[in-house]
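>>> Whatever this is, show me its structure:
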Amino acid sequence: MSPLRGTSCLLRSCSAVLRCPSSRPCSSVLTSCDGGGGLVLQSRSTDVHQNLALEDWIDANVDLQRRSILLLWRSRAAVVIGRHQNPWSECNLAAMRRADIPLARRRSGGGTVFHDLGNLNLTFFASKKAYDRQRNLRVVTETLRRLRPELDVKATERFDILLKGHFKISGSASRLSRKSSYHHCTLLHSADRSALATVLRPSCPGIHSNATPSVPSPVTNLVDHAPSLRLEELQEALADQYNSEFGFSSALTSVDPSDDSSFPGLSRAAAELRSWDWTFGKTPKFSVQTELQLTDDVSSARRSARLHVEVRSGVMEVCRLDVPSDWLPRRLSGELSDALEGERFCPHRSAACVAELLRAESGETQRRLNILSDAVMAAMG
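Prediction:
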């Protein structure tokens, strides 16, 4: 059973189960499951996995046939990939590890985005019948026009929002269930564009995959064009415009997804989103064919090798190394290939699995085997 379902406090079956931060039954937030109307919620969490899990919790537990919701949320620095994407193709995993920037895979499709506290996320929840991404984006564009009439903003047929017809300030993705839907979009207010440019580049050369690729676009921040626009001002105006667009009258209300009494099962859902099996293991199968540069600084020898890997569910089903025999005995390159097969396509796990192989050698042979294994690990990001 999904951790998002099966609790005794489903909003479909009780009158007021979502609780306010004070832990009061939140009849002020959800008057009843039998009632309708709209809600504007703001997450108090800046944990990307908690916020993604909150989206899924709302989708699973709120009767979206009768109630529409706008959720506003922000996260500390993170990279978020789409449900059907390949993280090794989309982001610089080594740079992310050095900067302690987590990777998250969401349950919706779409492309890869960089999150930080200067990026505002909006998630529109509605019934499947009421799903209308262009109308949702109109909430954003009309808000910006009302706040700063000089801003030239327009939604595209790809459900992006462009500023001055060129710079992307918002991208979209969505998820449709049998009866419900959610559509989320980013809004670049004051994000760290230097960090964005560093992490949104491939980790591994030579990937061949049917995974959904991102479409690169020039981006900009709203504050680069409207320096006085405050994030708080923007959030309040978006809530007002959402109410105006859909005929609601909901106040902006904060919620805490880390409170498991308010959101039963959400912490388990967030843990699943953090897991390696979800983040990397759900990657569509792919192969890697790339050249490895081998440099032995001691002997000044420089050669190249070829790596071929077939990866399914994040695990190397096939690993072949073509290494010049005068640089390293074929026996050892073959043993390294054999040791890697069946392991995760992950430098830490792979390094651990070849440690015993390295300990069995010594001198120049050990050094060159170590150079080869380091080159393979580097190719994994």
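>>> in the stretch 151-300 of the chain, which spans are helices?
With helices called from DSSP state H, counting those that start in this stretch, the stretch 151-300 of the chain shows them at 193-199, 231-246, 266-274, 276-279.
>>> who wins for proximity to V139 among those?
Nearest to V139 among the helices of the stretch 151-300 of the chain is helix 231-246; the distance by Cβ to Cβ comes to 5.0 Å. From N, CA and C alone the C-beta is placed, and that goes for glycine too.
>>> circling back: how about a markdown table for the helices of the stretch 151-300 of the chain, with distance to L372, mean pLDDT and mean neighbour count added?
Written out in a markdown table, the entries for the helices of the stretch 151-300 of the chain read as follows (distance: least, Cβ to Cβ, whole Å; pLDDT from 0 to 100; neighbours: other Cβ atoms under 10 Å):
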| stretch | distance to L372 | mean pLDDT | mean neighbour count |
| --- | --- | --- | --- |
| helix 193-199 | 28 | 95 | 16 |
| helix 231-246 | 49 | 98 | 18 |
| helix 266-274 | 32 | 98 | 19 |
| helix 276-279 | 25 | 98 | 14 |
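>>> Out of those helices, which is closest to K154?
Sorting the helices of the stretch 151-300 of the chain by Cβ to Cβ, the top spot, which is the nearest, belongs to helix 231-246 at 16.0 Å.
>>> packing partners for that closest one?
In terms of contacts (3 or more Cβ pairs under 8 Å, 6 or more residues apart in numbering; DSSP states H and E), helix 231-246 is packed against strand 37-43, strand 67-73, strand 119-127, helix 133-147, strand 252-255.
>>> Pipe the ones you listed into a markdown table and attach mean pLDDT, distance to R107 and mean neighbour count per row.
Compiled in a markdown table, the helices and strands packed on helix 231-246 are given as follows (pLDDT from 0 to 100; distance: least, Cβ to Cβ, whole Å; neighbours: other Cβ atoms under 10 Å):
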| stretch | mean pLDDT | distance to R107 | mean neighbour count |
| --- | --- | --- | --- |
| strand 37-43 | 96 | 17 | 20 |
| strand 67-73 | 97 | 15 | 23 |
| strand 119-127 | 98 | 12 | 23 |
| helix 133-147 | 98 | 17 | 19 |
| strand 252-255 | 96 | 19 | 17 |
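>>> Export those to TSV and append columns for distance to P213.
Putting the helices and strands packed on helix 231-246 into TSV (distance: least, Cβ to Cβ, whole Å) gives the following:
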stretch	distance to P213
strand 37-43	29
strand 67-73	26
strand 119-127	21
helix 133-147	21
strand 252-255	34
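>>> Pull the residues that contact the helix or strand of the chain with the lowest mean pLDDT.
Lowest on mean pLDDT, DSSP states H and E among the helices and strands of the chain sits helix 347-359, with a mean of 87. Applying Cβ atoms under 8 Å, 6 or more residues apart in numbering, the external contacts of helix 347-359 come out as 332, 335-336, 339-340, 343-344, 366, 369-370, 373, 376-378, 380-381.
>>> rewinding a little: reformat the helices of the stretch 151-300 of the chain as a markdown table; add distance to E142.
Written out in a markdown table, the entries for those read as follows (distance: least, Cβ to Cβ, whole Å):
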| stretch | distance to E142 |
| --- | --- |
| helix 193-199 | 26 |
| helix 231-246 | 6 |
| helix 266-274 | 32 |
| helix 276-279 | 36 |
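>>> Can you say which of those is nearest to D260?
Comparing the helices of the stretch 151-300 of the chain by their distance to D260 (Cβ to Cβ), the top pick is helix 266-274, with 5.2 Å.
>>> what's in contact with the closest one?
Helix 266-274 is touched from outside by 2-4, 47, 49-50, 52-54, 56-57, 102, 104-105, 257-258, 260, 278-279, with contacts defined as Cβ under 8 Å, 6+ apart.
>>> re earlier: can you tell me which of the contacts of helix 347-359 has the most neighbours?
Neighbour counts for these peak at L340, which has 26 neighbours (criterion: other Cβ atoms under 10 Å).
>>> element containing the spatially most central residue of the chain, please.
Taking Cα atoms, centre = their mean as the criterion, V80 is the residue nearest the geometric centre of the chain, at 1.5 Å. In the assignment (DSSP states H and E), V80 maps to strand 78-81.
>>> quick one: strands adjacent to that strand?
Based on DSSP bridges, the strands next to strand 78-81 in the sheet, each with its direction, are strand 103-105 (parallel), strand 113-115 (antiparallel).
>>> any chance of these in JSON lines, plus mean neighbour count, distance to G37 and mean pLDDT?
Below are the strands paired with strand 78-81 laid out as JSON lines (neighbours: other Cβ atoms under 10 Å; distance: least, Cβ to Cβ, whole Å; pLDDT from 0 to 100):
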{"stretch": "strand 103-105", "mean neighbour count": "22", "distance to G37": "31", "mean pLDDT": "98"}
{"stretch": "strand 113-115", "mean neighbour count": "25", "distance to G37": "30", "mean pLDDT": "97"}
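>>> Distance to T156 added to those, as CSV?
Shown next, in CSV, are the strands paired with strand 78-81 (distance: least, Cβ to Cβ, whole Å):
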stretch, distance to T156
strand 103-105, 25
strand 113-115, 16
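>>> between the ones you listed, which gets nearest to D296?
D296 lies closest, by Cβ to Cβ, to one member of those: strand 103-105, at 33.3 Å.
>>> so N121 touches R74, yeah?
Yes - under the criterion of Cβ atoms under 8 Å, N121 lies in contact with R74, with a separation of 6.5 Å.
>>> Return every residue with contacts to both of those two.
When contacts are counted by Cβ under 8 Å, 6+ apart, N121 and R74 have H115 as shared neighbours.
>>> thinking again about what came up before, please tell me how far the next helix or strand after the least confident helix or strand of the chain is from the chain's geometric centre.
Sequence-wise, the next helix or strand beyond helix 347-359 is helix 363-379, with elements assigned using DSSP H and E. Centroid displacement of helix 363-379 relative to its chain, using Cα atoms, centre = their mean, to the nearest Å, is 32 Å.
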